[in-house]
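Student: let's see this in three dimensions:
(chains A, B, C and D)
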Amino acid sequence: MSSDTTNNSIDAGQQALLDKVAPATLEEQVLVTNNRDFSWVTNKICRIVESNAPNWWWVCMSVALVTASFTLMGLIWLVSTGVGVWGLANPINWGWAIVNFVFWIGIGHAGTLISAILCLLKQGWRTSINRAAEAMTIFAVVCAGIFPLFHVGRVWFAWWLFPLPNANLIWPQFRSPLEWDVFAVSTYGTVSVLFWYMGMIPDLGVLRDRAVQRLSAGVYEETSKLRESMARYADVFRKYFYGILAMGWRNAGNHWRNYEMAYLLLAGLSTPLVLSVHTIVSFDFAVAVLPGWHTTIFPPYFVAGAIFSGFGMVLTLMLPLRALYGLHDLITQRHIDNMCKICLGTGSIVGYAYIMEFFIAWYGANPYESFAFINRAFGQYSWAYYIMFSCNVFTPQLFWFKAVRENASLVWIMSILINVGMWFERFVITVTSLANDFLPSSWGYYSPTIVDIFTFAGTFGLFSTLFLMFLRFLPLMPIGEIKFVMPQADPHGHSDDGKESQ
Amino acid sequence: MSEEIYGMVASFKDTPSLYHAAEKVRDAGFKYWDTYSSFPVHGMPEAQGQARSKVPIFTFIGGLTGLTLGTAMVWYMNAFDYPLIVGGYPFFSPVFPFPIMYELTILLAAFGTLGGMFIMNLLPQHYNSLFNCAKFLEVSDERLMIAIEAKDGQYNHEATKQFLESIGGFDIEEVKA
Amino acid sequence: MANIFPKWVNTVPIKVIVALLLIKTAIVLGITYYFSPQYTRVGYAPTQPVAFSHEFHAGTLEIDCRYCHTFVEQSGHSNVPGTNVCMSCHSMVLKDDARLATVRQSYDSGEPIPWVRVHKVPDYVYFNHAVHVNRGISCVECHGKVDEMEVVYHAKQLSMGFCLECHRNPEDYIRPVEEVYNLDWERPTDPGAVKEIEEFVHDWGVNPPQSCSGCHR
Amino acid sequence: MSDQDIKNINSTGFFALLIGLVALAFSIYGIFSGLDSEDPARGFLSWLIGLSFWLSIALGLLFITQIWYVFHARWPTIIRRQCEHFLSVFPWLFILFIPLFVIPQMIGEPGILWKWLDGSNLLPGGHGTVQEDPLYQWKSIYLNSNAFIIRAVIYFLVFFGLSYFLRKWSFDTDKTGDIQNTHKARRLSSVGLFLLATASTLAGIDWFKSLDYHWFSTMYGVWFFAASMRAALSVILIFCIVVSAKGYMKGTFKQAHRYDLGCMMLAFTIFWAYISFSQYFLIYNANIPEETYWYNIREHDGYGVKNTWWAISLLLIFAHFIIPFLLLLWYKTKVVVSRLVFVAIWILTFHLVDLYWNLIPGKVIDLTASHGYYIRQFSVEIFDIAAIVGVGGICIWSVCRSMLKAEPIPIKDPNILKSLNHSE
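Tutor: Sure, this is the predicted structure:
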């Protein structure tokens, strides 16, 4: 334990004060309910991967694959015809493509955020949800990447964006926000994968060891010979698959020491990274001189919005999983409460930014700026503005009420509303400013084409496909970290707690 | 064929006893030994007498490399090799390429961290003698272990066994290399 | 034996890292070489429907470029001559030669000869021939020594880097206007003449754009 | 609390009050003596600097206290009590705010500090008066003296109200051990953060940004928040270290607490840089004259000749961000007492420079100068120091008074043991 010089010199007066310490009791729900022991946690999480896929998984997977094919069709259509098949036309040259990009990137933020910021803030409740959220991040980045990639039109030249010596003998142009995006999003994707993978190493070791143990025990109680040998081959596959990925992890104290430090550092690196990525996405808009885009609060406002939508998505995914896999002891009401409260907080920050934008648009006394905001609220896209405002600012206000937070299905519906609202936020920002720019004669109205709709709808399928694959093959929760927050892991006291409940 | 010995493992019943046993092994002066648990134990590095992890050094080197690389890259590509007039910006300035420099700093620092973790842990090491021990695999579930390696100068079959027993170890067995 | 992997596996990771580094280097070098116009474009020499020899017409006979490519100094677009231009000589010269059968056929039917285009910038690039030739940029700078080509081939890269090289240092490429169609003109080496040429840049107000919108309009 | 502690606190409070009053009297003298100079606003700016320096600290601490409540933070429980002592300063800060508005009214020049308070003030560069300025006419519903007073009172009511209840409930817990107090404080904090965010943003706009009412930036409130948090963390850290050296918190304030406060300092150093950089970056990139001039006058005098603010700007980048950032990255800095105190004082110093940089530059009408104005340069006046010391003296006195009213640590708080046993 940390040695402290001031500790050694407590005088009588201090001791008298310390003797008076009598904390009031505060009821707080534990992070793993029902006095579960280590074995239960290991089994609960590993069985998700090790048992046969439940029927609902196959159903969801089929639906997801069919939906994902929409994106494929949309993209084939686009590449074979040209980027004009999207509803992009003067003056709105950034339509759904950028809206969807920012939407998905925003969703992607909660993952690394839950892991990183909550890790730095020592929020123990992160453990049950961080793995799934990180996976969500990576898959959302994959979905997000599609849109700017294909928006460049000649997608086969997209590699010109990277600093490789290229066919035109010129280098990428670092003064362009698009180039910043390339670096930000690819760094974000890469670091998220590293973070995700590193967090998974100990759990992959667990899955590896369990497969080896089952193989050496050789007991497979299945209904038929065929099923038995299938189960055995699955374990052989697992042995090698997890064996390679676990990199020889041995759960040694020394391993954990370096691992924890590295994890903390990655969390420390990811936090400014999360901030920077959506900041840079906001620069895409804010460095322009277009009214409604050029406003200095964009960076923190986009970040808050991203976190908001990210948590919305985590709730959307975790609530059904909790019910389907019976994870109520691991994802407790306390977890849901906390996530609801973060939605409330970030939703309100977003509200603060909406109002601040309006106020400064007026205070700045720039007629174009004022018009842009009046136009948002009362112009041709006011319907989108109202959807955005009510979903993002008013919906989460319901989370003030405990009864709402405790009603899982209501929370789930609200989390979907949050996602809808955040999509509309990006729509409002992108489209309203462009549709009514400085030159009234060129004003227009944007509508997506069928290809836009296909491509966007399909990304939900792509996202679900990847997420379902994750559920199937990788540990859903960090086993080691969940054990770490359980009372049995405390090296001081609570001895035998774990064993008794067996 | 005389088989070589990797070391000796002993199990412990719960976290506090592992923790206190680790303190005793440390105080007994062993060098090549380690604790094994499927979760990090709070304060275990101190109990094992280990210093603060060196991973931050790798992170720092990675970050510094990234920053230098980012700056040099933007300068070389946009100001030296192919200057191009865009939007009235200067060819090089620390302002506009800041996102690039920043992202590369983070990227390489992250690689440095992960690499540092692997290097400091001497991983990947897909083969390890400890995996030969069937009980060792149960560490993944809830077994808690201490292993003392044979290459430690103080290692002695009988004495070490007695020592491990005396600090509360059970299921003691020798692991072959 | 609960170890999954044999002992030698422990040396694999370092080998994999080395191999990955080598592969990555190979890919970057490969792209640098094989994906550049130097590799993909230079030397492109399609077989034309008529075996027209620039070497003979422009070189030996010294026919001016503008005889066939009319309007190159007036229009942004340099034209490929119609069959009637060919026939203005070949209705007299070699009028029954077998090699000109396609030309005569085209002249009779009115269907143009399907020449294969050799030089082409992407459609997102705006290039104006007149502006260049009227300010002392010779045909040879982009098309090479066409008067020495039996079959016309792609001689220069015509990449963006190629364009910018000249836009940055026009004084190295500019020549007296009367020498633009003289493909054999050689840059003088004596300082006085060089200085005279360099002054064209100032005197003619040559200010080649280096901003994006100069060419990507 | 030992008798020695009580004695120390009493004497410190007394001296602080004495020094504070003397320094404030000197400041007032400075204001009046400066009225005849070519830049009469400078004396008021000294006062504003002194006031806003301490106000930012108090606001930051109010933010921290509520954030800790909302996040159910356990480790800072003993530190929270020290924050609560600081929260007693708001009524005094309000009293010290009054002269800024009243003195100009008294001497018949209401627009001496906030130009728009007087419609007959000349605009720099010979563009008529404030009254004729279309930009002012547009904003006059918001920027006028009645609205200004009403808003200032509301802001201080919010600050005071929140701090009053947080203090009351926390002190009350010491005696009764009533868990309801903690619940109430948490509930208030979650609402309070929104109230405080709104009030401090608008206060930042009213009191600082409107010094140059042409300029606008939506980020300004967030900048003020970030700067306040940095100052507040430094102050509470120095405070805890000093009082634990004196025996008041001895043995309770440990290395782990220092380490975590150090981490928070690092986090907000980054956050401040993030906000300040983003604001600059966006204005730099968009390059719209209506916005860039605010940075331009902080770089050169209009002819490309760099002025004193140029050096200060660079100093802010290097000394207010890069140096503390690099120092705080280092583990040792966050645990070794002397280094941590050094960094905290360093941050506080440059927080002050940041306030100078934000508040002081402006166009001063001078008809003899070439454009009819010159840009007020960086200078540290003796009256600046007097105002900072003066307001600080009153604040420390108020803190000492508060320290006598409660236990040094919240002994019956539900999380007190977690905080006392906190380890890294």
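
Student: residue of chain C closest to chain D, please.
Tutor: residue C:211 (15.3 Å; C-beta to the nearest C-beta). All C-beta atoms are positioned from the backbone trio N, CA, C, and that covers glycine.

Student: repeat for chain B
Tutor: Taking C-beta to the nearest C-beta, chain B has residue B:95 as its residue nearest chain D, at 5.6 Å.

Student: I'd say that residue and residue D:282 touch.
Tutor: No. Judged on C-beta atoms under 8 Å, residue B:95 makes no contact with residue D:282 at a distance of 10.9 Å.

Student: more crowded one of the two?
Tutor: A direct count of neighbours by other C-beta atoms under 10 Å in any protein chain shown for residue B:95 and residue D:282 places residue D:282 higher, at 25 against 14.

Student: now for the helix or strand hosting the more buried one, which elements pack on it?
Tutor: Using DSSP states H and E, residue D:282 falls within helix D:255-286. Helix D:255-286 sits against helix A:253-286, helix A:298-325, helix D:77-86, helix D:220-246, helix D:289-296, helix D:323-329, helix D:331-335, helix D:337-359, with contacts defined as 3 or more C-beta pairs under 8 Å, 6 or more residues apart in numbering or on different chains; DSSP states H and E.

Student: try it again at 7 Å.
Tutor: On a contact count with 3 or more C-beta pairs under 7 Å, 6 or more residues apart in numbering or on different chains; DSSP states H and E, helix D:255-286 meets helix A:253-286, helix D:220-246, helix D:289-296, helix D:323-329, helix D:331-335, helix D:337-359.

Student: could you give the mean pLDDT of the last one?
Tutor: It refers to helix D:337-359. Averaging pLDDT along helix D:337-359 gives 95.

Student: interface residues of chain C facing chain B?
Tutor: Chain C comes close to chain B at residues C:1, C:2, C:3, C:5, C:6, C:7, C:9, C:10, C:13, C:210, C:211, C:212, as judged by C-beta under 7 Å from any C-beta of the partner chain.

Student: ok, the residue lying closest to the residue of chain C closest to chain D once chain neighbours are set aside to residue D:350 distance?
Tutor: Using C-beta to C-beta, 6 or more residues apart in numbering or on different chains and skipping residues adjacent in sequence, the residue nearest residue C:211 is residue B:85, 4.7 Å away. Separation of residue B:85 from residue D:350 (C-beta to C-beta, to the nearest Å): 37 Å.

Student: so between those two, which is more surrounded?
Tutor: Between residue B:85 and residue D:350, residue D:350 has the larger neighbour count (other C-beta under 10 Å), namely 23 against 14.

Student: check contacts around the closest residue to residue D:334 other than its chain neighbours.
Tutor: In space, and not counting its chain neighbours, residue D:334 is closest to residue D:262: 3.1 Å by C-beta to C-beta, 6+ apart. Taking C-beta atoms under 7 Å, 6 or more residues apart in numbering or on different chains, we find residue D:262 in contact with D:328, D:333, D:334, D:340.

Student: tell me the spacing between residue D:262 and residue D:332.
Tutor: Residue D:262 is 10 Å from residue D:332, by C-beta to C-beta.

Student: can you list the residues of chain A near chain D?
Tutor: Proximity of chain A to chain D is confined to A:1-2, A:4, A:6-7, A:9-10, A:13-14, A:17, A:20-26, A:121, A:272, A:275, A:279, A:286-289, A:294-297, A:299-300, A:348, A:352, A:356-357, A:360, A:363-366 under the rule C-beta under 7 Å from any C-beta.

Student: for PyMOL, write a command that selects the buried ones of these.
Tutor: Only the buried entries of the residues of chain A next to chain D go into this PyMOL selection, using 16 or more other C-beta atoms under 10 Å in any protein chain shown:
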select buried, chain A and resi 4+6+13+14+17+21+23+24+272+275+279+286+287+288+294+295+296+297+299+300+348+352+356+357+360+363+364+365+366
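
Student: for the residue of chain B closest to chain D, what are its contacts?
Tutor: D:281, D:284.

Student: tell me which element it is part of?
Tutor: Going by DSSP H and E, residue B:95 is not in any helix or strand.

Student: tell me the secondary structure of residue A:457, please.
Tutor: At residue A:457 the chain is in helix, as set by DSSP: H, G, I helix; E, B strand; the rest coil.

Student: out of everything not next to it in sequence, what's closest to it?
Tutor: That would be residue A:70: by C-beta to C-beta, 6+ apart, it lies 5.3 Å from residue A:457.

Student: helix or strand right after whichever helix or strand that neighbour is part of?
Tutor: Assigned by DSSP H and E, residue A:70 belongs to helix A:55-81. Proceeding N to C from helix A:55-81, the next assigned helix or strand is helix A:96-120, under DSSP H and E.
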